[in-house]
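*Asks:* No sequence on hand, only this structure:
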């Protein structure tokens, strides 16, 4: 099995998904560690969250990502530089291949960012088989530039800026592999439920859903931050 890059916990949520609000089976659990956030970053996020008051969380988080993207395309998706960005994307791509992804599969990349993983997937998959959605227009624009720079426009990736996790952008296309890296780590429980409940219309019955999350002893939700922690029991 390919080495998994530094990341929160990784799970595969059932190749035969059963829905009762939340997925009821977990096929595989890989315990990894969560990178600590500095006090300075925490305070900055608290101040930023307070400045947005009671506006919807999605609106707040989009602004947070946009602020990071304006500083660095690497930091926008949680990397310290281009080298770690490249390594992270390649390692996750190789992991998906080790789990059975093939060129004729259709992939949905939830929270695709600026195509850290997507660039590898677009090159590997057949024309039009990559779908990427992200909350940030800056990320999508940067991803399009990266794809063009690598001559990948001819692979016709489907890239969308979205406000929800209902996947209406796919317009009936069914995915074989769905990947959500660093999405559940940054959204509250009701958006996780929306995501999973929408997969029934988006993913093939034989498909696989891969997702990362911050693991905690119990569910933790602090409106002042953009990090969320969930226990294993939350997904069972």
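*Replies:* On my side now, so go ahead. Model, not experiment: these values are computed from the prediction.
*Asks:* Now tell me which helix or strand of this structure has the poorest mean pLDDT.
*Replies:* The weakest-scoring helix or strand in the chain, judged by mean pLDDT, DSSP states H and E, is strand 28-30 (a mean of 33).
*Asks:* all strands for the protein, in order.
*Replies:* 9-12, 19-20, 22-23, 28-30, 107-110, 130-134, 158-161, 175-180, 203-215, 220-221, 228-230 (DSSP state E).
*Asks:* Adjacent strands (with direction) for the last one?
*Replies:* The reference is to strand 228-230. strand 203-215 (parallel), strand 220-221 (antiparallel) (DSSP bridges).
*Asks:* Those strands into TSV, with extra columns for mean pLDDT and distance to residue 63?
*Replies:* To be clear about C-beta, it is placed using only N, CA and C from the backbone, and glycine gets the same treatment. Below are those laid out as TSV (pLDDT from 0 to 100; distance: least, C-beta to C-beta, whole Å):
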stretch	mean pLDDT	distance to residue 63
strand 203-215	88	21
strand 220-221	50	19
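*Asks:* and residue 70, what is it in contact with?
*Replies:* Shown in contact with residue 70 (C-beta atoms under 8 Å, 6 or more residues apart in numbering): residue 138.
*Asks:* whoops, I mixed them up, residue 73
*Replies:* 85, 114, 142.
*Asks:* pLDDT score for residue 101?
*Replies:* What the model reports as pLDDT for residue 101 is 96.
*Asks:* how about low-confidence regions in the chain?
*Replies:* Flagging of the chain using pLDDT under 70 yields the residue ranges 1-55, 217-226.
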